[in-house]
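Chemist: got a structure for you, letters missing:
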């Protein structure tokens, strides 16, 4: 019996790797308010910074190295050991990393090696990805918004460039530009080196994701897969998920469907100067079988 794999983009919730630990405490960030395609400016600008919402970008780029299905919870990494995967099966891998340019509600081809897991019930999933996120987005607001490059207007877009979000705080380079007419966006690449913007935090957990029984733990790891000890030590990001619904493989299983969600893959927030900042936000994957 031939086994096949289907890769799709759907709207479920799996991995959330936002740059501030307070977002994990809430376990779910607010979606941006969009009316007839126009974003609410008041939702992200004002009150001295700290405003935040999440939405789907035009394109969300991640680099993925491996995915695992697990029959029991993997052991969390420590500063002296990598994640324990004794109960896990590597169902997909790309040793050099597969760059996925994900768009909401679009089907994509994922390069790499996919393997059929043994028959059984899988209750957890693990994903190893790079700690960089490429965001491309253009938008219109219902009021004037400032860009990080000193511009302003109701139209804003991401700019071609890169920056780091870590324990030192904000991205040091401009991620946004604004004006009075529509703007062609560039890809801004954010490197995440801490889950807290004030002090280093290498691991976070969120429970009851999106009102389900699913929960997620994210870990910034070093080159050995051990939990990183500071920003400079970070090499990749590992996520461990408790599935809301177990994934079952039987003799009759012929299809594995991997779905991704970028419905909230982009964060929008005030950098403290009434200027909009683009950053990483919700990123999802879910596995089902037929």
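Modeler: Arrived safely, thanks for sending. Owing to the predicted nature of the structure, the values given are computational and were not obtained by experimental measurement. Numbering: from 1, shown residues only.
Chemist: C-alpha from now on. contacts and neighbour counts both.
Modeler: Fine.
Chemist: What count of nearby residues applies to residue 120?
Modeler: 14 (other C-alpha atoms under 10 Å).
Chemist: Isn't it up against residue 250?
Modeler: Yes. Shown here, residue 120 and residue 250 form a contact pair, counting by C-alpha atoms under 8 Å, at 6.6 Å.
Chemist: Return every residue with contacts to both of those two.
Modeler: Residues touching both residue 120 and residue 250 by C-alpha atoms under 8 Å, 6 or more residues apart in numbering: none at all.
Chemist: what about the chain, any weak spots by pLDDT?
Modeler: Applying pLDDT under 70 to the chain picks out residues 1-29, 47-51, 103-109, 169-172, 206-215, 256-265, 281-289.
Chemist: For it, just list every one of the helices.
Modeler: Counting by DSSP state H, the chain has helices at residues 21-26.
Chemist: Skipping adjacent residues, who's closest to residue 249 in space?
Modeler: Distances taken as C-alpha to C-alpha, 6 or more residues apart in numbering put residue 119 closest to residue 249, at 4.5 Å, once the chain neighbours are dropped.
Chemist: neighbours around the one you found, how many?
Modeler: Using other C-alpha under 10 Å, the number of residues around residue 119 comes to 12.
Chemist: ok, now which ones touch it?
Modeler: Residue 119 neighbours (C-alpha under 8 Å, 6+ apart): 248, 249, 250, 251.
Chemist: Quick check: nearest residue in space to the last one, chain neighbours excluded?
Modeler: The shortest distance from residue 251 to any non-neighbouring residue, by C-alpha to C-alpha, 6+ apart, is to residue 119 (6.9 Å).
Chemist: From what I see, residue 37 and residue 140 are in contact.
Modeler: Yes. Residue 37 lies in contact with residue 140 (C-alpha under 8 Å); the separation is 7.5 Å.
Chemist: So which of the two has more stuff around it?
Modeler: residue 140 (24 against 11).
Chemist: from what I can see that one touches residue 177, true?
Modeler: No. Using C-alpha under 8 Å, residue 140 is not in contact with residue 177, being 11.8 Å away.
Chemist: Return every residue with contacts to both of the two.
Modeler: residue 156.
Chemist: Bridged to residue 69, which residues?
Modeler: residue 89, residue 125 (DSSP bridges).
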